[in-house]
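Q: Take this sequence and fold it.
(chains A and B)
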Amino acid sequence: DAKTTQPPSMDCAEGRAANLPCNHSTISGNEYVYWYRQIHSQGPQYIIHGLKNNETNEMASLIITEDRKSSTLILPHATLRDTAVYYCIVRDHTGGFKTIFGAGTRLFVKA
Amino acid sequence: SQTIHQWPATLVQPVGSPLSLECTVEGTSNPNLYWYRQAAGRGLQLLFYSVGIGQISSEVPQNLSASRPQDRQFILSSKKLLLSDSGFYLCAWKGGGNTIYFGEGSWLTVV
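A: Below you'll find the predicted structure:
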């Protein structure tokens, strides 16, 4: 699985959009980008994933650059409950069954 | 729908004592199962994964072992705990779209 790089922490004002970047310059053609978040003392929660097209669901939007070397997770209207550690990972969608999580980005949403 | 449960949620164990954490998945068959550990302030570290009954792969050498006696049961064990075994342990399974879903986690404190 390709490695990812994320900023260690970010702040966001409540009600504003939170944009969390992730670099994955060594991503291969068959690897997807996945995002999870972990609220303190809980198991990680799946948010969204994508291959090359932008994706949106009820939780967030995922924007992947055309060269696929980076992506951005967007929480359109951040709330205090979105304060968590956000993990970006890339993995093979078919043959891979190992997922390694890095340190992630600690997002602080402030009132 | 599929659910994953792990227990106990918290435990405090003395150094040298044995450990058994149990995880079960419901609503699916022959899932890929995982055990992760998260030390304080760190990302997730993959410990073991299993693609079927009796099939265990270890990611890092350590004081722990894993077993899969039944299709939907995954057990993490130790014969003699070390202080360094303290942490947050997470069981997970691979669902649709090759997405990983996590359990609630088990907090282990070795004293």
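Q: dump the residue contacts of B:C91.
A: B:4, B:6, B:21, B:23, B:33-36, B:74, B:76, B:102-103 (CB atoms under 8 Å, 6 or more residues apart in numbering or on different chains). For glycine as for every other residue, the C-beta is placed from the backbone atoms N, C-alpha and C.
Q: no no, B:F74
A: By CB under 8 Å, 6+ apart, the neighbours of B:F74 are B:22-25, B:33, B:35, B:50, B:66-68, B:91.
Q: Let me know the closest of these to B:S84.
A: B:W35 (16.2 Å; CB to CB).
Q: still on that earlier bit, what would the contacts of B:C91 look like in JSON lines with pLDDT?
A: Output for the contacts of B:C91, formatted as JSON lines (pLDDT from 0 to 100):
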{"residue": "B:I4", "pLDDT": "93"}
{"residue": "B:Q6", "pLDDT": "95"}
{"residue": "B:L21", "pLDDT": "97"}
{"residue": "B:C23", "pLDDT": "97"}
{"residue": "B:L33", "pLDDT": "93"}
{"residue": "B:Y34", "pLDDT": "93"}
{"residue": "B:W35", "pLDDT": "94"}
{"residue": "B:Y36", "pLDDT": "91"}
{"residue": "B:F74", "pLDDT": "97"}
{"residue": "B:L76", "pLDDT": "97"}
{"residue": "B:F102", "pLDDT": "92"}
{"residue": "B:G103", "pLDDT": "93"}
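Q: Tell me the residues on chain B that lie near chain A, please.
A: Residues of chain B lying near chain A by CB under 8 Å from any CB of the partner chain: B:32, B:34, B:36, B:42-46, B:49, B:51, B:59, B:88, B:90, B:92, B:94, B:97-105, B:107.
Q: downstream neighbour of the host helix or strand of B:S77 in the secondary structure list?
A: Assigned by DSSP states H and E, B:S77 belongs to strand B:73-78. Of the helices and strands lying after strand B:73-78 in sequence (DSSP H and E), the nearest is strand B:87-94.
Q: which residues touch the following helix or strand past that following strand?
A: Per DSSP H and E, the first helix or strand lying C-terminal to strand B:87-94 is strand B:100-102. For strand B:100-102, the external contacting residues (CB under 8 Å, 6+ apart) are A:34, A:36, A:43-46, A:99, B:2, B:4, B:34, B:36, B:90-95.
Q: likewise stretch A:7-18?
A: If you take CB under 8 Å, 6+ apart as the criterion, stretch A:7-18 is touched by A:20-21, A:74-80, A:82, A:103, A:105-111.
Q: centroid residue for chain B?
A: With distances taken as CA atoms, centre = their mean, the residue of chain B nearest its centroid is B:W35 (3.3 Å).
Q: Mind telling me what element it is part of?
A: Using DSSP H and E, B:W35 falls in strand B:33-38.
Q: what packs against that strand?
A: strand B:19-26, strand B:45-52, strand B:73-78, strand B:87-94 (3 or more CB pairs under 8 Å, 6 or more residues apart in numbering or on different chains; DSSP states H and E).
Q: Provide the strand pairings for the third one, with the direction of each partner.
A: Partner strands and pairing direction for strand B:73-78 (DSSP bridges) are strand B:19-26 (antiparallel), strand B:65-70 (antiparallel).
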